[in-house]
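J.: return a 3D structure for these sequence lines:
(2 chains)
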There are 2 protein chains.
Amino acid sequence: MISENQYFDGNVKSLGYETADGKSTIGIINPGEYQFGTAQKEIMHVVEGELSALLPDSEEWKLFSAGSHFEVPANSSFKVRSEVQTAYLCQYR
Amino acid sequence: MISENQYFDGNVKSLGYETADGKSTIGIINPGEYQFGTAQKEIMHVVEGELSALLPDSEEWKLFSAGSHFEVPANSSFKVRSEVQTAYLCQYR
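T.: Okay, the predicted model is just below:
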(Lines give C-alpha, C1' and ligand atoms only; values in the text may rest on other atoms or scores of the structure.)
Protein backbone atom coordinates (compact mmCIF):
# COMPACT_ATOMS: atom_id res chain seq x y z
CA MET A 1 0.00 0.00 0.00
CA ILE A 2 1.26 3.43 -0.91
CA SER A 3 -0.89 6.02 0.85
CA GLU A 4 -1.48 9.48 -0.59
CA ASN A 5 -1.83 12.50 1.65
CA GLN A 6 -2.14 16.22 1.20
CA TYR A 7 -2.16 19.18 3.56
CA PHE A 8 -2.48 22.96 3.43
CA ASP A 9 -4.71 23.05 0.32
CA GLY A 10 -2.38 20.75 -1.59
CA ASN A 11 0.75 22.78 -0.85
CA VAL A 12 2.24 19.76 0.90
CA LYS A 13 1.72 16.30 -0.60
CA SER A 14 3.20 13.03 0.58
CA LEU A 15 3.29 9.31 -0.11
CA GLY A 16 3.39 6.90 2.81
CA TYR A 17 4.96 3.46 3.03
CA GLU A 18 6.31 0.91 5.47
CA THR A 19 9.87 -0.12 6.18
CA ALA A 20 11.29 -2.84 8.42
CA ASP A 21 12.09 -0.08 10.93
CA GLY A 22 8.76 1.78 10.87
CA LYS A 23 6.56 4.02 8.78
CA SER A 24 8.02 6.64 6.43
CA THR A 25 6.67 9.28 4.09
CA ILE A 26 8.27 11.17 1.26
CA GLY A 27 6.76 14.45 0.20
CA ILE A 28 7.01 17.83 -1.48
CA ILE A 29 6.57 21.19 0.24
CA ASN A 30 5.64 24.18 -1.91
CA PRO A 31 7.18 27.58 -1.11
CA GLY A 32 5.57 28.97 2.04
CA GLU A 33 5.46 28.51 5.81
CA TYR A 34 3.67 25.64 7.51
CA GLN A 35 3.15 24.37 11.04
CA PHE A 36 3.07 20.63 11.71
CA GLY A 37 2.23 18.65 14.82
CA THR A 38 3.84 15.33 15.67
CA ALA A 39 2.22 12.28 17.25
CA GLN A 40 5.42 10.22 17.06
CA LYS A 41 9.07 11.22 16.92
CA GLU A 42 9.96 12.30 13.38
CA ILE A 43 13.30 12.36 11.59
CA MET A 44 13.01 14.81 8.69
CA HIS A 45 15.58 14.54 5.88
CA VAL A 46 15.82 17.19 3.16
CA VAL A 47 16.15 15.25 -0.11
CA GLU A 48 16.24 18.12 -2.62
CA GLY A 49 15.81 21.87 -2.14
CA GLU A 50 16.12 23.37 1.34
CA LEU A 51 14.01 24.01 4.40
CA SER A 52 14.22 26.40 7.30
CA ALA A 53 12.82 24.89 10.48
CA LEU A 54 11.71 26.36 13.79
CA LEU A 55 12.01 23.42 16.13
CA PRO A 56 10.23 22.97 19.48
CA ASP A 57 11.96 24.82 22.31
CA SER A 58 13.96 26.85 19.80
CA GLU A 59 13.62 30.53 19.06
CA GLU A 60 15.80 30.55 15.99
CA TRP A 61 15.06 29.32 12.50
CA LYS A 62 17.73 26.94 11.21
CA LEU A 63 18.43 26.22 7.56
CA PHE A 64 18.63 22.59 6.42
CA SER A 65 19.92 21.89 2.93
CA ALA A 66 19.68 18.71 0.84
CA GLY A 67 21.37 15.81 2.61
CA SER A 68 20.80 17.18 6.11
CA HIS A 69 18.15 16.21 8.64
CA PHE A 70 16.57 17.25 11.91
CA GLU A 71 14.57 15.45 14.58
CA VAL A 72 11.30 16.45 16.19
CA PRO A 73 10.09 14.81 19.41
CA ALA A 74 6.63 13.21 19.70
CA ASN A 75 3.66 15.35 20.72
CA SER A 76 5.20 18.65 19.73
CA SER A 77 4.87 21.13 16.91
CA PHE A 78 7.36 22.72 14.54
CA LYS A 79 7.33 25.12 11.63
CA VAL A 80 9.05 24.83 8.28
CA ARG A 81 9.56 27.46 5.63
CA SER A 82 10.70 26.88 2.06
CA GLU A 83 11.49 29.23 -0.78
CA VAL A 84 11.57 26.54 -3.46
CA GLN A 85 9.70 23.28 -3.92
CA THR A 86 11.48 20.96 -1.52
CA ALA A 87 11.48 17.16 -1.32
CA TYR A 88 11.73 15.45 2.06
CA LEU A 89 11.82 12.03 3.68
CA CYS A 90 10.12 11.74 7.06
CA GLN A 91 10.88 8.69 9.18
CA TYR A 92 8.57 7.92 12.10
CA ARG A 93 10.74 6.05 14.57
CA MET B 1 2.23 22.70 -8.63
CA ILE B 2 2.89 19.25 -7.24
CA SER B 3 1.85 16.65 -9.82
CA GLU B 4 0.63 13.19 -8.83
CA ASN B 5 1.39 10.17 -10.98
CA GLN B 6 0.88 6.47 -10.73
CA TYR B 7 2.01 3.52 -12.82
CA PHE B 8 1.65 -0.27 -12.84
CA ASP B 9 -1.80 -0.35 -11.20
CA GLY B 10 -0.67 1.94 -8.39
CA ASN B 11 2.43 -0.10 -7.55
CA VAL B 12 4.58 2.91 -8.37
CA LYS B 13 3.42 6.37 -7.29
CA SER B 14 5.30 9.64 -7.62
CA LEU B 15 5.05 13.36 -6.96
CA GLY B 16 6.55 15.77 -9.49
CA TYR B 17 8.02 19.22 -8.93
CA GLU B 18 10.40 21.75 -10.44
CA THR B 19 13.87 22.78 -9.33
CA ALA B 20 16.19 25.49 -10.62
CA ASP B 21 18.09 22.72 -12.43
CA GLY B 22 15.13 20.89 -13.99
CA LYS B 23 12.21 18.64 -13.20
CA SER B 24 12.34 16.02 -10.45
CA THR B 25 10.04 13.38 -9.03
CA ILE B 26 10.06 11.48 -5.77
CA GLY B 27 8.24 8.21 -5.58
CA ILE B 28 7.64 4.83 -3.99
CA ILE B 29 8.07 1.49 -5.71
CA ASN B 30 6.21 -1.51 -4.26
CA PRO B 31 7.92 -4.91 -4.23
CA GLY B 32 8.03 -6.30 -7.77
CA GLU B 33 9.75 -5.85 -11.12
CA TYR B 34 9.00 -2.96 -13.48
CA GLN B 35 10.25 -1.71 -16.82
CA PHE B 36 10.51 2.04 -17.46
CA GLY B 37 11.26 4.01 -20.59
CA THR B 38 13.09 7.33 -20.56
CA ALA B 39 12.44 10.38 -22.73
CA GLN B 40 15.17 12.42 -21.02
CA LYS B 41 18.28 11.42 -19.15
CA GLU B 42 17.39 10.34 -15.61
CA ILE B 43 19.43 10.26 -12.44
CA MET B 44 17.79 7.83 -10.02
CA HIS B 45 18.69 8.08 -6.32
CA VAL B 46 17.60 5.44 -3.83
CA VAL B 47 16.31 7.38 -0.80
CA GLU B 48 15.17 4.52 1.44
CA GLY B 49 15.01 0.78 0.80
CA GLU B 50 16.96 -0.73 -2.09
CA LEU B 51 16.57 -1.37 -5.80
CA SER B 52 18.15 -3.76 -8.23
CA ALA B 53 18.45 -2.25 -11.70
CA LEU B 54 19.05 -3.73 -15.12
CA LEU B 55 20.45 -0.79 -17.04
CA PRO B 56 20.51 -0.35 -20.83
CA ASP B 57 23.39 -2.19 -22.48
CA SER B 58 23.92 -4.21 -19.32
CA GLU B 59 23.26 -7.90 -18.83
CA GLU B 60 23.70 -7.91 -15.11
CA TRP B 61 21.38 -6.69 -12.39
CA LYS B 62 23.11 -4.32 -9.98
CA LEU B 63 21.97 -3.59 -6.44
CA PHE B 64 21.62 0.03 -5.34
CA SER B 65 21.07 0.74 -1.66
CA ALA B 66 19.86 3.91 0.06
CA GLY B 67 22.20 6.80 -0.69
CA SER B 68 23.39 5.44 -4.03
CA HIS B 69 22.27 6.42 -7.53
CA PHE B 70 22.44 5.37 -11.16
CA GLU B 71 21.98 7.17 -14.45
CA VAL B 72 19.87 6.17 -17.42
CA PRO B 73 20.36 7.82 -20.83
CA ALA B 74 17.49 9.43 -22.75
CA ASN B 75 15.35 7.30 -25.06
CA SER B 76 16.22 4.00 -23.47
CA SER B 77 14.58 1.54 -21.13
CA PHE B 78 15.61 -0.05 -17.88
CA LYS B 79 14.19 -2.47 -15.33
CA VAL B 80 14.08 -2.17 -11.58
CA ARG B 81 13.26 -4.80 -9.01
CA SER B 82 12.56 -4.24 -5.33
CA GLU B 83 11.88 -6.59 -2.47
CA VAL B 84 10.67 -3.88 -0.08
CA GLN B 85 8.81 -0.62 -0.56
CA THR B 86 11.53 1.69 -1.81
CA ALA B 87 11.63 5.49 -1.98
CA TYR B 88 13.48 7.19 -4.83
CA LEU B 89 14.33 10.62 -6.20
CA CYS B 90 14.47 10.89 -10.00
CA GLN B 91 16.16 13.97 -11.47
CA TYR B 92 15.54 14.72 -15.14
CA ARG B 93 18.63 16.60 -16.28
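
J.: spell out which residues of chain A are next to chain B.
T.: The interface of chain A toward chain B, taken as CB under 8 Å from any CB of the partner chain, is made up of A:2, A:4, A:10-11, A:13-15, A:17-20, A:24, A:26-28, A:30, A:45, A:47-49, A:84-85, A:87, A:89, A:91. Where C-beta positions appear, they are placed from N, C-alpha and C, glycine not excepted.

J.: so what's the residue nearest the centre of chain A scoring on pLDDT?
T.: Centroid check for chain A by CA atoms, centre = their mean gives A:Met44 as the closest residue, at 5.0 Å. Looking at A:Met44, its pLDDT is 98.

J.: which of the helices or strands spans it?
T.: Element membership of A:Met44, judged by DSSP states H and E, is strand A:42-48.

J.: what is that strand packed up against?
T.: strand A:62-65, strand A:69-72, strand A:86-92, strand B:22-29, strand B:86-92 (3 or more CB pairs under 8 Å, 6 or more residues apart in numbering or on different chains; DSSP states H and E).

J.: now A:Lys23: how far from A:Cys90?
T.: Separation of A:Lys23 from A:Cys90 (CB to CB, to the nearest Å): 9 Å.

J.: the two: which is more packed in?
T.: Neighbour totals were compared for A:Lys23 and A:Cys90, and A:Cys90 leads with 19 against 14 (other CB atoms under 10 Å in any protein chain shown).

J.: for the closest residue in space to the more buried one that isn't next to it in sequence, what are its contacts?
T.: Leaving aside its chain neighbours, A:Cys90 sits nearest to A:Thr25 (4.8 Å; criterion: CB to CB, 6 or more residues apart in numbering or on different chains). Applying CB atoms under 8 Å, 6 or more residues apart in numbering or on different chains, we find A:Thr25 in contact with A:Asn5, A:Ser14, A:Leu15, A:Gly16, A:Tyr17, A:Leu89, A:Cys90, A:Tyr92.

J.: show me what A:Val46 is bridged to.
T.: Judged by DSSP bridges, the bridge partners of A:Val46 are A:Tyr88.

J.: residues contacting it?
T.: In this structure, A:Val46 makes contact with A:Phe64, A:Ser65, A:Ala66, A:Gly67, A:Ser68, A:His69, A:Thr86, A:Ala87, A:Tyr88, judged by CB under 8 Å, 6+ apart.

J.: and if you look at A:Gly67?
T.: Taking CB under 8 Å, 6+ apart, we find A:Gly67 in contact with A:Val46.

J.: give me the local confidence score for it.
T.: 97.

J.: so it lies in a strand, does it not?
T.: No: counting by DSSP: H, G, I helix; E, B strand; the rest coil, one finds A:Gly67 to be coil, located in no strand.

J.: can you tell me which of the contacts of A:Thr25 is nearest A:Asn75?
T.: Proximity of those to A:Asn75 (CB to CB) peaks at A:Tyr92, which lies at 12.9 Å.
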